[in-house]
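Q: With the sequence up front, the predicted model follows.
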Amino acid sequence: MRNNFSKIFKRSVTAVAVSSILWGSAALADDLIGKIVGSDLDVYTVTAVNVDTGTQRTVSLNADGSYRLAKMPSGNYKITVMKGGVVVAEDSAKASLGRNTVTNFEIAATDDTEVIQVVGSSISTIDLASSDSGLIIGDVEISRMPIAQNITSVALLAPGTVKGDSAFGNTASFGGSSVAENACYINGLEVTNTRQGLGCGEVPFEFYKEFQIKTGGYSAKYGRATGGTMNSVTKSGTNNWEFAAIAQFQPDSLQEDGSISRGKQGSGAIFRDESMDSESQTDFTFSAGGPIIEDTLFFYGLINPRDTEKSYTTGGSEFSANDQYRVEAASSGDNLFWGAKIDWDINEDHRLSLFGYSNRRDIERTVFDYDNGVVGAEKDGAILKRGGEAKSLSYTGYITDDLIVTAMAGTIETEYETANANLTCPTVTDSRTTDNPVTGCGAGGSFGDNNDENTQYRLDVEYDFGDHTFAAGYDYQKRKSARVSTPIGGHSYDYRTLAVGGDFQADNGALENTSSAGFDYVEDRIFDGGGSFESELAAYYIEDKWQATDNVVLDVGLRIDEFDSWGTTGKLLTSFKTDIAPRLGVTWDPTGSGESKVYATYGRYYLPVANNTVFRAASGVADATTAYTFSGVDGTTGAPTGLAPLADSADINNGASNGVANSRQISGTPVVPEQDIFQAKEADPFSKDEYIIGYEQILNDEYTIGFKGTYREVASALDDYCGRYAYPYCVMVNPGSDSSWYSDGYYWNGTDWGDSSFDSDGAPDAGSLTTYSAETMGLPEAKNEYTALESMVKYQSDAFRYTFTYTWSRSLGNFEGAVKSDIGQADAGITQDFDFPALMDGADGYQPNDRRHVLKFFGTWEPTQDLLLGWNSTLSSGRPVSLFGQGYPSDDPNLNGGWGDLFYLADTNADGDLTGEYTRHSRGSAGRTPWTFNIDVSAAYSFTVSDVDMRASLNIFNVLNTQEAVASNEHYESAEGVVNQWHGTAYGFQTPRYVRISLEARF
């Protein structure tokens, strides 16, 4: 028995370094576990009492002397061993999100005296109960380092995560996936942006208690993400009333100027101007937490009034420069966060938690003219209605020692509406190479209702049976959206140049400039329509964690997801039931000492259809672009005058009759299709397979190392094909596979419209079901592969702690995923990829999220008891760059090479005329953006004033003020054969140095 005791003690104590690393495996619940070694074990019970709230739970020992107090709320506990109602041993432990905490005891007998000795105290072992990967970090650890106060900044601490393009806001890419493939939770409530999957609902950092960032190896409990998951819990009240007041200041006077990018390889006019950007924030947080009824009912609440003001230049496109300067401000009651959590321990076996928050805010925007560094007159304004409200009710029931039931019901509402003051001036963009671009009289854009509501229910059951822990559950969401998009001023004009021999691809044939000179024309895109639409998501899972041996745990899980969606007419648009998705994991302690761990996982993950897809396909949106010649420009509005259809021009040879209809390109029809038209019969939802193998080793009391290999690949890509065989709609297919769907009035036979009646009503024509081979559609198989090798070194002593990680990764394929970073397209699930075969010719290559080398180094140093210094640094290689053109070497209508961003550049002669020859430049073959380095530093000093604990801190972000370009313009041509003067110019740079100052008082 003594040898067994020594083995358990060694495994518990030497594993402490692994328990605290920010990289590696993460448990799935807040479990307090341990073992009592001795005889007559059936007479003992173990009780855990939360020292802050009085919450307690008692369990009997299993036959082997082990115990498990599962799903305990995070906090500090006293573990008590009792025999016959008499306390015979006790110790302290801490339950933490995603960590198993172990306390072991040994019974030793001397004559007739029984002694229980604590042999493993408050230690999270190398957790053989789980094999998932990620990062776990609490509010105390966060407050010790200079981290921007948003969930993305926390996620970016984990290996395998990189910052997404600024076109999508502040987002992160996990494991090579696009930034729209993640899921976010607060207290079990999913707060992901359901429209596009971009971003999360968030609360002030003072409200957070712990974060769990999952980068791979998810349990079957988790789904609807092919990237990563970001899970957090908030603070709760205790038996002691505690109050806090925090003031934070981010003054724009302490922010450095940003950079400027210029066209014509740096010698031209300003393309993007960040030198005029500024941001100032002042916010105050007041929180209170304590008992409503001691040991039973607890409250925690927080309010956060915020004053924010920022200014920035914007507008333009890949073919035009910034033309607006905006100032946005929100304060007082228009920018007030409030949140609260109530916890009720009905008794030791039943617990209820009510959680809610509101972060609604109205932002006042003022828009000014901007031209090449000069801010002009005010021309527009708007009120931005942002944020939303969330609420949830959670239940935990310990039905028996072995049976646990948890349930959750909640909803989150989010608003995105922008109410412009100027609704008469149309959107105007000038994509020509000119020193005097045409500008509009307003901000342009669109207006209309824009909001989401996500109602959620979840039930989980867990049962311990010998060496097995079985779990099963059901998860349901109903996602309602309302979106109306009406163009301001009724139009959106883009002035362009059509080179000699250049084409405008109309639906009835290419309009080619057959004259001896290039000429200007204008494209008028009218995107109009919308309404209410919704989707329903359901999931079922079952899993078994099997303690196969003392040193091996097997994790076997199965999950099925169902995704359904309906358009504005109430007709079913999509309906998917996934194959059984396996989640397999194994962990092995090769030496049995607890000093090392080998783990491996395999999983298949599915991504639901985003509500944005429903909006674009089934909300009555009409999307048509018509090309015109023009004779003049209105000096006030910037709108073209003297319009005539491009097909009517004497310089155009279109091979068809003239008129508006033959000068138009339809990208969306207001007719809402039914499922049989929009979804191919064989289509499977978007999914990825993931393989991980890792190793962790404790070297000594201070150092821990780890290595991990990851491979991910797309198993099935779901995207929209919009070629002639699908016209006038698009159809969701798995590219590269044979697909069948019904037609609606249009019948393309490969060369002409055959028996088409040209009357579409959204209902499938009887007998029109047709199977189209992959060769007929001309689409390649979708490929996206991510390979990564991660290494980690962690050091921890009393005063000095740091973590260093290095990730080598490679992301290859012919598409990125849900969004398209290289052109900033945020249409989740329906990007231009696979719309037409020509778009995929040359698409194979390195993906935008391929950052080959990423090094992260962060930590803290406490030179004195009251002074804390911290740092957070990242060194990253650049992302691949492509060359996009606007022409294609074939005019085959089945390939549709006259639309979108292509991997071909047109050759021109000395006069700039097209020669008819093209050069292919495959994805990512034009070099990379520069390496980027960033280091943030912080200092915090703690002191006491009249028994009030005070803390003053200073955070300096990007202390070296490095401002390398993070994304560049990859569009080499603005029109076929016309070089884009802005090509290669930076879209954006690293954020300049800025400062955050805070003062805290806690009592």
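A: In hand now; what should we look at?
Q: C-alpha from now on. contacts and neighbour counts both.
A: OK.
Q: so how far is Gly887 from Val327?
A: When distance is defined by Cα to Cα, to the nearest Å, Val327 is 39 Å away from Gly887.
Q: sorry, that was for Ala269
A: Distance from Ala269 to Gly887, by Cα to Cα: 26 Å.
Q: on that earlier part again, who's more crowded, Val327 and Gly887?
A: Neighbour totals were compared for Val327 and Gly887, and Gly887 leads with 28 against 19 (other Cα atoms under 10 Å).
Q: Contacts only, for that one.
A: Gly502, Asp503, Gly897, Gly898, Leu902, Tyr904, Leu905, Ala906, Ala975, Glu976, Gly977 (Cα atoms under 8 Å, 6 or more residues apart in numbering).
Q: Tabulate the residues you listed (a markdown table), appending distance to Ala244, neighbour count and pLDDT.
A: Formatted as a markdown table, the contacts of Gly887 follow (distance: Cα to Cα, whole Å; neighbours: other Cα atoms under 10 Å; pLDDT from 0 to 100):
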| residue | distance to Ala244 | neighbour count | pLDDT |
| --- | --- | --- | --- |
| Gly502 | 66 | 26 | 86 |
| Asp503 | 65 | 26 | 86 |
| Gly897 | 62 | 25 | 87 |
| Gly898 | 61 | 28 | 82 |
| Leu902 | 56 | 26 | 95 |
| Tyr904 | 60 | 27 | 97 |
| Leu905 | 61 | 25 | 96 |
| Ala906 | 64 | 24 | 94 |
| Ala975 | 59 | 24 | 90 |
| Glu976 | 62 | 27 | 91 |
| Gly977 | 63 | 28 | 90 |
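Q: out of those, who's nearest Gly829?
A: If you rank the contacts of Gly887 by distance to Gly829 using Cα to Cα, Leu902 comes first, at 19.2 Å.
Q: Tell me if I'm right that that closest one and Asp835 touch.
A: No. Using Cα atoms under 8 Å, Leu902 is not in contact with Asp835, being 11.9 Å away.
Q: Identify the contacts common to these two.
A: Shared contacts of Leu902 and Asp835 (Cα under 8 Å, 6+ apart): none.
Q: how near is the nearest residue to Ala180 once chain neighbours are set aside to Ser133?
A: Leaving aside its chain neighbours, Ala180 sits nearest to Gly197 (4.5 Å; criterion: Cα to Cα, 6 or more residues apart in numbering). Counting by Cα to Cα, the gap between Gly197 and Ser133 amounts to 22 Å.
Q: Same check on Ala926?
A: Plainly put, Ala926 is 34 Å away from Ser133 if you go by Cα to Cα.
Q: Also Leu954?
A: To Ser133, Leu954 is 32 Å away according to Cα to Cα.
Q: How about Val51?
A: Taking Cα to Cα, one finds Val51 at 31 Å from Ser133.
Q: Between the two, which is the more surrounded one?
A: Ser133 (25 against 16).
Q: Quick check: the more buried one touching Lys214?
A: Yes. Contact criterion Cα under 8 Å: Ser133 and Lys214 qualify, at 5.9 Å.
Q: now Phe989: how far from Thr962?
A: 9 Å.
Q: Name the residue in the two with the higher neighbour count.
A: Neighbour totals were compared for Phe989 and Thr962, and Phe989 leads with 22 against 17 (other Cα under 10 Å).
Q: Skipping its backbone neighbours, what lies nearest that one in space?
A: Ala965 (4.3 Å).
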